[in-house]
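> take this sequence and fold it.
(one chain, ligands or ions: 1)
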Amino acid sequence: MDDTIRRLKELTDSSDNIVFFGGAGVSTESGIPDFRSVDGLYHQKFRYPPETMLSHTFYETHTEEFYDFYRAKMLALDAQPNAAHRKLAEWERQGKLKAVITQNIDGLHQKAGSRKVLELHGSVLRNHCTRCGQFYGVERIVNSRGVPRCSCGGIIKPDVVLYEESLDEDVMAEAIHYIRQADMLIIGGTSLVVYPAAGLVQYYRGHKLAVINKGGAGSGLGAAVTVDAPIGQVMAQL
Ligand code: ZN
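This is a model prediction of the structure:
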């Protein structure tokens with residue numbers, strides 16, 4: 001075991017109030033690509049960059065194209081939790097971890113057994129009619145063509161926070177609450193450049209900040225330990 005991982009294990013072993021904050025890197029080891037990373041496939045099949053197609057403006061003005069992209073690229077329903085998801089769920093069962101805060105929308109933490117999951121950007125698994133509010137599971141989106149419609153005629157929209165849309169204030173407030181009272185905060189798989197990751201870290205008041213990130217992002221945060229490796233591989237050793 002490498003020294004930084006041994007140090008990380010010492011910190012997690014001695015903590016009983018861990019909060020985990022994760023980003024896209026947590027899902028990549030489950031085969032879900034980070035749509036922000038450069039991917040030629042997008043450019044071959046779609047005429048706009050992902051950030052454009054996942055914006056509220058695009059949803060409003062190119063609704064059918066939005067759903068074509070969304071069905072093709074944002075739904076990965078066969079993906080399975082990896083070692084990072086499983087370890088976090090195990091820690092919660094043991095009472096060591098109090099909350100998972102995630103920027104991911106794939107529901108993999110819940111699939112691994114985590115219960116307290118704060119989804120800053122929503123979830124593809126929840127969808128609502130924009131006219132009557134009727135709830136729909138993801139199958140309704142998968143099995144629709146063009147713009148998915150409710151029986152009332154309204155458009156069914158995923159509970160996913162698009163670019164230009166604001167985050168759910170209740171979820172943010174709860175995330176801040178958990179980070180404030182955490183004895184250990186682990187940040188994993190996020191470059192910390194995407195709002196609100198960097199802002200949330202400032203609420204942490206403890207001395208056991210850990211950053212696990214392939215590529216070295218977050219090394220300037222003054223963390224007690226920083227691990228530059230894929231998060232699933234790291235957490236499998238804890
Ligand atoms: Zn409806």
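> from here on, contacts and neighbour counts on C-alpha atoms
Noted.
> spatially central residue in this structure, please.
For the chain, residue 104 is the residue whose C-alpha lies nearest the centre (CA atoms, centre = their mean; 1.8 Å).
> so what's residue 85 closest to, chain neighbours aside?
Among residues not flanking residue 85 along the chain, residue 109 sits closest, at 5.4 Å (CA to CA, 6 or more residues apart in numbering).
> report the contact partners of the one you found.
Residue 109 sits next to 81, 85-86, 89, 117 when contact means CA atoms under 8 Å, 6 or more residues apart in numbering.
> so which bits of the chain are right by the ion?
129, 132, 150, 152, 154 (CA under 5 Å from the ion).
> give me the nearest residue to the first one, chain neighbours excluded.
Put plainly, it is residue 129. With sequence-adjacent residues excluded and distances taken as CA to CA, 6+ apart, residue 129 is closest to residue 156, at 4.2 Å.
> and the one you found, how far from residue 148?
Distance, residue 156 to residue 148, by CA to CA, to the nearest Å: 6 Å.
> and what of residue 122?
Distance from residue 122 to residue 148, counting by CA to CA: 18 Å.
> and those two? Which one has more around it.
The neighbour comparison of residue 122 against residue 148 (other CA atoms under 10 Å) goes to residue 122, with 23 against 20.
> state the pLDDT value of the residue lying closest to that one once chain neighbours are set aside.
Closest residue in space to residue 122, ignoring its immediate chain neighbours: residue 160 at 4.4 Å, by CA to CA, 6+ apart. Each residue has a pLDDT score; the one for residue 160 is 96.
> repeat that for residue 216.
On pLDDT, residue 216 comes in at 71.
> tally of neighbours for it?
14.
> can you say which helix or strand has it in it?
Secondary structure from DSSP states H and E places residue 216 outside every helix and strand.
> over to it: give its phi and psi.
Phi and psi for residue 216, reported as degrees, to the nearest 10, are phi 80, psi 10.
> ok, it - contacts?
Residue 216 is in contact with 226-228, counting by CA under 8 Å, 6+ apart.
> and with 7 Å instead?
residue 228 (CA atoms under 7 Å, 6 or more residues apart in numbering).
> tell me the spacing between it and residue 179.
Separation of residue 216 from residue 179 (CA to CA) stands at 22 Å.
> do residue 111 as well
Distance, residue 111 to residue 179, by CA to CA: 23 Å.
> got a list of what residue 211 touches?
186-188, 218, 223, 225-227.
> just the helices in this protein please.
Using DSSP state H, the helices found in the chain span residues 3-13, 24-28, 40-45, 50-53, 56-61, 63-69, 83-93, 108-111, 138-142, 169-180, 197-201, 231-235.
> ok, which of the ones you listed comes nearest residue 208?
With CA to CA, the closest approach to residue 208 among the helices of the chain belongs to helix 3-13: 7.0 Å.
> filter the contacts of residue 109 to the buried ones?
81, 85-86, 89, 117 (16 or more other CA atoms under 10 Å).
> could these go into CSV alongside pLDDT and distance to residue 22?
Listed next are the buried ones among the contacts of residue 109 as CSV, based on pLDDT from 0 to 100; distance: CA to CA, whole Å:
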residue, pLDDT, distance to residue 22
81, 98, 14
85, 98, 10
86, 98, 14
89, 98, 14
117, 98, 11
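> so residue 123 versus residue 108, what's the distance?
Counting by CA to CA, the gap from residue 123 to residue 108 is 10 Å.
> any idea of the mean pLDDT for stretch 51-65?
Rounded mean pLDDT across stretch 51-65 is 95.
> okay then, goodbye and thanks.
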